[in-house]
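> Just the structure for this:
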Amino acid sequence: MQKSVFECQVDRVRFEALERDLVAEIKDGEDNLRFYRIAELKGYEVREHGCFRATDFDAPLVL
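Numbers count the residues shown, from 1 in each chain. All right, here's what the predicted structure looks like:
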């Protein structure tokens, strides 16, 4: 399993293009792609694509 984080500073138009391009590259049943858009005045927004596996923080965590 590989988890990578990339930080970009882009405007809304470039954000939409980046999201569209990356979503076209993932395998829906295998990959997980998340976008955390942090806007200075609006707080944050999360978009998820592909196979999402939520973490149950109430259950024991194994690292």
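> For stretch 38-49, measure first residue to last.
End-to-end distance for stretch 38-49: 18 Å, by C-alpha to C-alpha, to the nearest Å.
> correction: stretch 4-23
End-to-end span of stretch 4-23 (C-alpha to C-alpha): 15 Å.
> which residues touch that stretch?
Leu33, Phe35, Arg37, Arg47, His49 (C-beta atoms under 8 Å, 6 or more residues apart in numbering). (C-beta placed from N, C-alpha, C; glycine too.)
> switch to 10 Å and redo it
The contact list for stretch 4-23, computed with C-beta atoms under 10 Å, 6 or more residues apart in numbering, reads Asp31, Leu33, Arg34, Phe35, Tyr36, Arg37, Ile38, Ala39, Arg47, His49, Gly50.
> List the beta-bridge partners for the last one.
The reference is to Gly50. For Gly50, the beta-bridge partners under DSSP bridges are Asn32.
> so who does it touch?
Applying C-beta under 10 Å, 6+ apart, the residues near Gly50 are Val23, Ile26, Lys27, Asp28, Gly29, Glu30, Asp31, Asn32, Leu33, Arg34.
> likewise the fourth one?
Residues in contact with Phe35, defined by C-beta under 10 Å, 6+ apart, are Cys8, Phe15, Leu18, Glu19, Leu22, Val23, Glu45, Val46, Arg47, Glu48, His49.
> between those, which is nearest Ala59?
The shortest approach to Ala59 among the contacts of Phe35 belongs to Glu48, at 20.1 Å (C-beta to C-beta).
> From the contacts of Gly50, keep the buried residues only.
Buried by 16 or more other C-beta atoms under 10 Å: Leu33, out of the contacts of Gly50.
> farthest pair in the contacts of Gly50?
Going by C-beta to C-beta, the pair spanning those furthest: Gly29 and Arg34, at 16.4 Å.
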